[in-house]
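**Student:** Show me the folded form of this:
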Amino acid sequence: MSDSDRVCVGAIAGAFGVMGEVRLKSFCADPTAIADYGPLFTEDGATSYKITLTRPVSGGLGARVTGVKTKEEADALKGVQLYADRTRLPKLPDDEFYHADLIGLEVRDTGGVVLGKVLSVNNHGAGDILEISGPAIKGAQMIPFTLAIVPTVDLALGRVIVDLPDGLIE
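**Tutor:** Residues are numbered from 1 along each chain as shown. Just a heads-up that it's a prediction; the model follows:
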């Protein structure tokens, strides 16, 4: 299975308690939906996990992971990103995108000039932000992923069109 066949849906943030539960960060619009997409895989696909949610906890969800019985085993999984098969994820409306689909897209301005590529998609609580970089941009730059700034996302052509206000990027 190729990288594009799986999407990162969460990460293990460490142990929760002493009985082998983990604190799970869900990257899903409905955080509890992460349990519906299983089994979940490590980034390299070598290991799979069945996740059973136990309760909401500070900073995420409490969960049981198959094969994890102790706090030490749970702590050893801290930082492991969890991927779901794309076929198990819901189909999105035309104006919504999985972050994984945006990364690597070519970035052009409204005049057709290639600015660079999307390096990552971040969200620090106030909405999605695209990190872009390329020869027409000084260093990596962050731009809001809003309809006003990014009016066109064309996955078929592998690009986004940006309408940048003057001074937004250097």
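
**Student:** Can you give me the domain assignment for the chain?
**Tutor:** For the chain, automatic domain parsing gives the domain ranges 3-88, 99-162.

**Student:** Quick check: residue 109 touching residue 165?
**Tutor:** No. At 11.6 Å, residue 109 and residue 165 do not qualify as touching, with contact defined as C-beta atoms under 8 Å. No exception for glycine: its C-beta is placed from N, CA and C like everyone else's.

**Student:** Looking at these two, which has the bigger crowd around it?
**Tutor:** Taking other C-beta atoms under 10 Å, residue 109 and residue 165 do not tie; residue 109 has more neighbours (13 against 9).

**Student:** Might you report the residue contacts of residue 164?
**Tutor:** 109, 143, 149 (C-beta atoms under 8 Å, 6 or more residues apart in numbering).

**Student:** same check, this time on residue 106
**Tutor:** Counted by C-beta under 8 Å, 6+ apart, residue 106 has contacts 114, 116-117, 158-160.

**Student:** deepest of the domains of the chain, which one?
**Tutor:** domain 3-88 (a mean of 16; mean count of other C-beta atoms under 10 Å).

**Student:** distance between it and the chain's centre?
**Tutor:** How far domain 3-88 lies from its chain's middle: 14 Å, per C-alpha atoms, centre = their mean, to the nearest Å.

**Student:** so where's this structure uncertain?
**Tutor:** For the chain, the stretches with pLDDT under 70 are 1-4, 168-170.

**Student:** got the end-to-end distance for stretch 118-129?
**Tutor:** 10 Å (C-alpha to C-alpha, to the nearest Å).

**Student:** Equivalent analysis for stretch 13-26, please.
**Tutor:** End-to-end distance of stretch 13-26 (C-alpha to C-alpha): 10 Å.

**Student:** For the helix or strand where residue 55 lies, name the packing helices and strands.
**Tutor:** Take DSSP states H and E as the rule and residue 55 turns out to sit in strand 51-57. Under the contact criterion of 3 or more C-beta pairs under 8 Å, 6 or more residues apart in numbering; DSSP states H and E, strand 51-57 touches strand 21-26, strand 60-65.
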